[in-house]
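Chemist: Got a predicted structure here, sequence first:
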Amino acid sequence: MAHEFFSDDWIAAVEAMRDDAPDPHDSVKDVVINLVVTDTPFGERQAHLAAGRLEQGLADAAPTTMTMPYDAARLLFIDQDQQAVTQAFMTGRIKVTGDMMVLMKLQSAPPPTAEQTAFQERIKSLTA
């Protein structure tokens, strides 16, 4: 069953898959980034990425925070449209505060494994 991106039901469905998530590449296992997603149909959403996994709420230890509108978050996390994400960043729709080197670390990670790609497809399939 598909759920609207970042809805409570979508978050619960993603969390239910947590045990099936493949391990991230060693180069990003220690990466923690806070996410603030604005303009969602559900109000502002706060989450963080820790070792490649999405968690609810902000992490105290995150050196970097990305703030973006709902549509840009979808482009980044579901559609994975790097060109559109870059354009959103360059035009100020995605704002980054804190340590930019953390984002550079993510960008320099190796391409996803087949297992990681398959898991991302599972997330995409449950997203309306």
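Modeler: Noted; the coordinates are in hand.
Chemist: Surely Cys102 touches Ala61?
Modeler: If you look again at residue 102, you'll see it is Val, not Cys. No. Counting by Cβ atoms under 8 Å, Val102 does not reach Ala61; the two are 11.5 Å apart. C-beta coordinates here come from the backbone N, C-alpha and C atoms, glycine included.
Chemist: who has more neighbours, those two?
Modeler: Taking other Cβ atoms under 10 Å, Val102 and Ala61 do not tie; Val102 has more neighbours (20 against 9).
Chemist: Show me which helix runs longest in this structure.
Modeler: helix 114-125 (DSSP state H).
Chemist: Mutual contacts of Val102 and Ala61, please.
Modeler: Val32 (Cβ atoms under 8 Å, 6 or more residues apart in numbering).
Chemist: Which residue in this structure shows the largest distance from the geometric centre?
Modeler: Met1 (20.7 Å; Cα atoms, centre = their mean).
Chemist: Give me the pLDDT value at Asp20.
Modeler: Per-residue pLDDT puts Asp20 at 92.
Chemist: residues in contact with it?
Modeler: Residues near Asp20 by Cβ under 8 Å, 6+ apart: Phe119, Arg122.
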